[in-house]
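Chemist: just need the structure, nothing else, for what follows:
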Amino acid sequence: MRVFKAGDGEVLDLAFSPDGTAIAAAVKYQGIYLWNLQLPSPIPVRLDSDLEYRGGLSFSAESRSLSWLGPTSRRVYSRNSRTFADTSFAFTRLTHTVIQSNDGSRVISQHGMPDYCLIGWRESDDGWIRTWTVSTIDLATESLTLSPDGRLLAMLARSALGDRWSSNPRRVEVRDAATAAVLGTGIYPYNIAEPLLFSPDGRQLVGFNDMTLLVWPVPENGSLGSPLLVRNDSRKHFTALAYHPSDRFLYATSNDETVHVFDTTTWDRVRRFTWQLGNLKAVTLSPDGTLAAAGGDHGDVIIWDVDG
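Modeler: Now for the predicted structure:
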């Protein structure tokens with residue numbers, strides 16, 4: 001077990017490098033922090049913090065660059081040259097959300113007035129290519145997420161028509177990320193939108209609402225149906241989710257010092273970790289599944305060995 005300290009703020013996101021030699025943390029109002037785990041006493045490198053963090057913290061396949069998303073662009077930090085590069089996906093004056101696949105090859109951007117839309121982008125030798133555009137003038141979309149392989153897009157959606165459209169019920173949509181074609185829809189039984197997450201193999205979609213996990217199977221085509229509801233065994237709310245690379249386990253932090261581990265076949269709770277870091281806000285696992293990490297609400301990051 002190792003504990004690191006970043007800036008004094010809530011840890012929003014965590015990412016291990018593919019080779020397991022580094023970990024990065026996004027800290028609210030503090031920026032991005034990077035640790036070299038090969039050193040006996042790693043000192044964090046604080047990376048550029050002038051962009052509001054919007055998600056997507058991830059390393060390149062060779063572990064030598066780190067990227068994340070700001071309000072209108074994707075920022076890449078080269079660990080070799082210690083330089084930054086930015087790619088803008090701005091289409092109008094306002095870009096609400098930008099999400100990317102784990103390998104960074106596919107990006108979905110969400111735009112507001114006056115051109116309400118979603119845009120799919122694909123990386124090519126000539127730069128980023130817009131592959132599709134979907135108008136959202138009549139469709140409110142939230143909680144966008146891509147499957148790890150970039151093949152599927154999931155989101156919460158509801159009709160934006162009517163004087164009181166904000167009270168319209170939400171549904172889960174799964175789309176083909178390459179074409180934006182709708183592959184299936186499911187029931188979302190709550191009034192508050194929370195993050196969604198695909199399993200590594202793309203066959204499950206999970207979310208949370210307060211003290212409840214929501215689990216949908218993802219069919220090739222057709223309805224996702226109603227979610228399986230998995231309750232916390234306390235009154236603490238879930239705050240973050242991460243799958244083990246094997247798909248066998250889901251790690252979930254609560255709004256306390258606890259990390260729960262669920263079997264993704266039975267949805268029984270099989271492990272519980274308690275760390276003295278305050279309320280936990282982020283969790284991740286290394287690509288080989290041997291390490292787990294969690295982040296607290298005061299900039300603390302803990303890393304521990306995973307058994308099985």
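Chemist: can we go C-alpha only for contacts and neighbour counts from here?
Modeler: OK.
Chemist: so where is the stretch 101-250 of the chain shaky, pLDDT-wise?
Modeler: Judged against pLDDT under 70, the stretch 101-250 of the chain has no low-scoring part.
Chemist: and the strands in it?
Modeler: For the stretch 101-250 of the chain, the strands defined by DSSP state E, counting those that start in this stretch cover 106-111, 117-124, 127-135, 139-146, 152-159, 171-176, 182-187, 196-198, 204-209, 212-217, 228-231, 238-243, 249-254.
Chemist: only alpha carbons, please: show the fourth one as PDB.
Modeler: Right, strand 139-146. The C-alpha trace of strand 139-146 is given here as PDB (Å, rounded to 0.1, in the frame of the first residue of the first chain):
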ATOM      1  CA  LEU A 139     -33.300  15.900 -27.500                       C
ATOM      2  CA  ALA A 140     -31.600  16.600 -24.200                       C
ATOM      3  CA  THR A 141     -28.500  14.300 -23.800                       C
ATOM      4  CA  GLU A 142     -26.400  13.700 -20.600                       C
ATOM      5  CA  SER A 143     -23.900  11.400 -19.100                       C
ATOM      6  CA  LEU A 144     -22.200  10.500 -22.400                       C
ATOM      7  CA  THR A 145     -19.700   7.600 -22.200                       C
ATOM      8  CA  LEU A 146     -17.800   5.400 -24.700                       C
END
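Chemist: how about stretch 47-59: buried residues?
Modeler: Judged by neighbour count (16 or more other C-alpha atoms under 10 Å), stretch 47-59 contains these buried residues: 47, 49, 53-59.
Chemist: tell me which residues are up against stretch 55-75.
Modeler: Stretch 55-75 has contacts (C-alpha atoms under 8 Å, 6 or more residues apart in numbering) with 13-19, 24-26, 51-54, 76-80, 84-90, 94-104.
Chemist: quick check: end-to-end length of it?
Modeler: Stretch 55-75 has its terminal residues 11 Å apart, counting by C-alpha to C-alpha, to the nearest Å.
Chemist: likewise for stretch 156-171?
Modeler: Stretch 156-171 stretches 6 Å from its first residue to its last (C-alpha to C-alpha).
Chemist: and for stretch 7-17?
Modeler: Terminal residues of stretch 7-17 lie 20 Å apart, using C-alpha to C-alpha.
Chemist: who touches that stretch?
Modeler: Applying C-alpha under 8 Å, 6+ apart, the external contacts of stretch 7-17 come out as 22-30, 55, 57-60, 63, 281-287, 293-301.
Chemist: drop anything exposed from those residues.
Modeler: For these, a neighbour count by 16+ other C-alpha under 10 Å gives the buried set as 22-30, 55, 57-60, 63, 281-287, 293-301.
Chemist: sorry, back to before: among the strands of the stretch 101-250 of the chain, which comes closest to Leu34?
Modeler: strand 238-243 (19.7 Å; C-alpha to C-alpha).
Chemist: relative to that closest one, what are the paired strands and their orientations?
Modeler: The strands beside strand 238-243 in its sheet (DSSP bridges) come out as strand 249-254 (antiparallel).
Chemist: now find how far off-centre the partner strand is within its chain.
Modeler: Its chain's C-alpha centre and that of strand 249-254 lie 13 Å apart, by C-alpha atoms, centre = their mean, to the nearest Å.
Chemist: now find how far off-centre the following helix or strand past it is within its chain.
Modeler: Counting by DSSP states H and E, the next helix or strand C-terminal to strand 249-254 is strand 258-263. Using C-alpha atoms, centre = their mean, the mean C-alpha position of strand 258-263 is found 18 Å from that of the whole chain.
Chemist: can you check stretch 181-195 too?
Modeler: Mean C-alpha position of stretch 181-195 versus that of the full chain (C-alpha atoms, centre = their mean) differs by 16 Å.
Chemist: also stretch 163-174?
Modeler: On C-alpha atoms, centre = their mean, the centre of stretch 163-174 falls 22 Å from the chain's centre.
Chemist: same check, this time on stretch 257-275
Modeler: That offset, for stretch 257-275, works out to 19 Å (C-alpha atoms, centre = their mean).
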